[in-house]
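In: Got a predicted structure plus its sequence, pasted below:
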Amino acid sequence: MKFSELVKLLEKSGFHIIKEKGSIRYYGKTGWNKLVRVDFHGSKEVPKGTCYAILKSAGIRVQKS
């Protein structure tokens, strides 16, 4: 998964950018009390462990293949 695809998945789940500093973006949504940190790198591939950690902190369940 690319970083841009990961961000689209977060936005589809209701998250939006709360703050941004350089390439680090923090996403949040109403009813979710934690911020989700994404070190955005555009079209680069997200390392698997990083991807799962970001999705877990956002409360999004993805089946591992």
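Out: Received the coordinates, thanks.
In: what comes into contact with whichever strand or helix holds residue 7?
Out: In this assignment (DSSP states H and E), residue 7 forms part of helix 3-12. Contacts to helix 3-12, defined as CB atoms under 8 Å, 6 or more residues apart in numbering, come from residues 1, 25, 27, 36, 38, 40-44, 46, 51, 54-55, 58, 60. (Each C-beta comes from the backbone N, C-alpha and C, glycine too.)
In: can you check stretch 13-25 too?
Out: Contacts to stretch 13-25, defined as CB under 8 Å, 6+ apart, come from residues 7, 26-30, 32, 35-41, 58, 60.
In: ok, residue 61 to residue 19 distance?
Out: Distance, residue 61 to residue 19, using CB to CB, to the nearest Å: 26 Å.
In: What mean pLDDT does stretch 49-65 get?
Out: Average pLDDT, stretch 49-65: 86.
In: can you give me the offset of it from its chain's centre?
Out: 9 Å (CA atoms, centre = their mean, to the nearest Å).
In: Next: stretch 22-36.
Out: 8 Å.
In: could you give me the average pLDDT of that stretch?
Out: 94.
In: Give me the distance between the two termini of it.
Out: Using CA to CA, to the nearest Å, the end-to-end distance of stretch 22-36 comes to 16 Å.
In: buried set for it?
Out: For stretch 22-36, burial by neighbour count (16 or more other CB atoms under 10 Å) applies to 25, 27, 28, 29, 35, 36.
In: what's the farthest-apart pair in those residues?
Out: Greatest spatial distance among the buried residues of stretch 22-36 (CB to CB): 25 and 29, at 13.6 Å.
In: Packing partners of the strand ranked longest in the chain?
Out: In the chain, taking DSSP state E as the definition, the longest strand is strand 32-39. Under the contact definition 3 or more CB pairs under 8 Å, 6 or more residues apart in numbering; DSSP states H and E, strand 32-39 sits against helix 3-12, strand 24-29, helix 48-57.
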